Structure formats: C-alpha cells, structure tokens
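A.B. asks: Quick check, what structure comes out for this input:
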Amino acid sequence: MVRFILGGARSGKSALAEQLAVCSGKRVHYLATAQIWDEEMKDRVAHHKNSRPNHWQVTEEAIDIIPVIKKYAQVRGECLLLDCLTLWLTNILLLDDEDVLQAHQQQLVEYLQNDFRGELILVSNEVGQGIIPDNALARRFVDEAGRLHQRIAKVSDQVVFVTAGIPQTLKGPLLNMG
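C.D. replies: Residues are numbered from 1 along each chain as shown. Next up is the predicted model:
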C-alpha cells in the first residue's frame, strides 16, 4: 500500500504519517531526505528526530531514494516512511540538471506504479495553495512539486490532506488508526 500524506508547513502531516507507521504494526524504517544548509534547517531536523521513536531504523538519503525504497518497503513486516518528497525535489532542483530532475521523478512514479509491493508512507508539503512566488526558482519549485504530487497521487492507494492537524482522506480507504 502506498499512502501519500500532504499538508502545509506544521500542518501535522509528519505526525500523522508517524502515527500511521506505528499503527501498521510493522517495523518502521524512516527515510529522511533533508539536507542541513543552515541553523533553521538544523532545528527542523532535530525536531523530527526527537519526535520519532529511537528504535526506528533511519536512512538519510537526499537524492537516490529508489534503492532505499526497494530495499526496505518491500521487506515483509517492514513499513517505510519517507519524509519528505518536497525536500527530495528541492535537492534535485539544486543540482540544476533538467534531465536528472525529470529522470528521478519518472523513475519514482514508474516504480511505484509498476513494481512496488509493500507498505510505504510518503510525506510532502503542499506548496501550491499560497501566493505565486516572486522568483523564477521558487515558481519552478511550486510547478514541479504540483506536477509530482499529481503523479504520486495517481499511483497511490490512499491520499490524505492534513490541515491544522485534521486529516482529510482524498482518495482510497478512510483512515483507520487502529
């Protein structure tokens, strides 16, 4: 099952994803895509580390996530939680290589659609509901994130949007928190 959890900054999406991982009853493997570029990001990463159980296995991978998904999400009795797709997208955008950007997105979508078997929870920031950014890179990021989200939602079994800590199921089965 692929679950796609969307929401704005501090909406509660990561907390929901972590709760769903716990409720899966499986061993949890956490795939973190963040890179620490400044003190503010260092604090955000620390917050996430402190909020998740110490016994969860963690892999930090900024760009090459598909091998990690293949390794952990398809292991029987394992639930993989990836947080987050928009940070992953940012990391690839910063490479400034259009071919790499498109290839990584295409590989992820095709793998999830055609070959994936297992338990995967994907977390991502919904960034397209605010104002239009004032610079080209930010506008490109919003556009790429929107397109990626549409493609991921299409191949996901469940899509949940979180606002103010309240989950709304957009696609698939209603949430069952166990």
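A.B. asks: where does the chain have its least confident helix or strand?
C.D. replies: helix 39-51 (a mean of 84; mean pLDDT, DSSP states H and E).
A.B. asks: Need the three-state assignment for the residue nearest to Leu85 when sequence neighbours are not counted.
C.D. replies: If the residues on either side of it in the chain are set aside, Leu85 comes closest to Ser124, at 3.8 Å by CB to CB, 6 or more residues apart in numbering. Backbone N, C-alpha and C define where each C-beta goes, glycine included. With DSSP: H, G, I helix; E, B strand; the rest coil as the basis, the three-state label of Ser124 is strand.
A.B. asks: so how many other residues sit close to Leu94?
C.D. replies: By other CB atoms under 10 Å, the residues close to Leu94 number 15.
A.B. asks: How confident is the prediction for it, by pLDDT?
C.D. replies: In this model, Leu94 is scored at 93, pLDDT.
A.B. asks: do the same with the one 5 residues further on
C.D. replies: Taken from the predicted model, the pLDDT recorded for Asp99 is 95.
A.B. asks: Helix or strand: which one has it?
C.D. replies: Using DSSP states H and E, the element containing Asp99 is helix 98-114.
A.B. asks: C-alpha coordinates for that helix, PDB please?
C.D. replies: Provided in PDB are the C-alpha atoms of helix 98-114 (Å, rounded to 0.1, in the frame of the first residue of the first chain):
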ATOM      1  CA  GLU A  98      16.800  19.100 -16.000                       C
ATOM      2  CA  ASP A  99      17.500  15.600 -17.300                       C
ATOM      3  CA  VAL A 100      18.300  14.400 -13.800                       C
ATOM      4  CA  LEU A 101      15.200  16.100 -12.300                       C
ATOM      5  CA  GLN A 102      12.900  14.500 -14.800                       C
ATOM      6  CA  ALA A 103      14.600  11.100 -14.700                       C
ATOM      7  CA  HIS A 104      14.400  10.800 -10.900                       C
ATOM      8  CA  GLN A 105      10.700  11.800 -10.900                       C
ATOM      9  CA  GLN A 106       9.800   9.400 -13.700                       C
ATOM     10  CA  GLN A 107      11.700   6.500 -12.100                       C
ATOM     11  CA  LEU A 108       9.900   7.000  -8.800                       C
ATOM     12  CA  VAL A 109       6.500   7.200 -10.300                       C
ATOM     13  CA  GLU A 110       7.100   4.200 -12.700                       C
ATOM     14  CA  TYR A 111       8.500   2.100  -9.800                       C
ATOM     15  CA  LEU A 112       5.500   2.900  -7.600                       C
ATOM     16  CA  GLN A 113       3.100   2.200 -10.400                       C
ATOM     17  CA  ASN A 114       4.600  -0.900 -11.900                       C
END
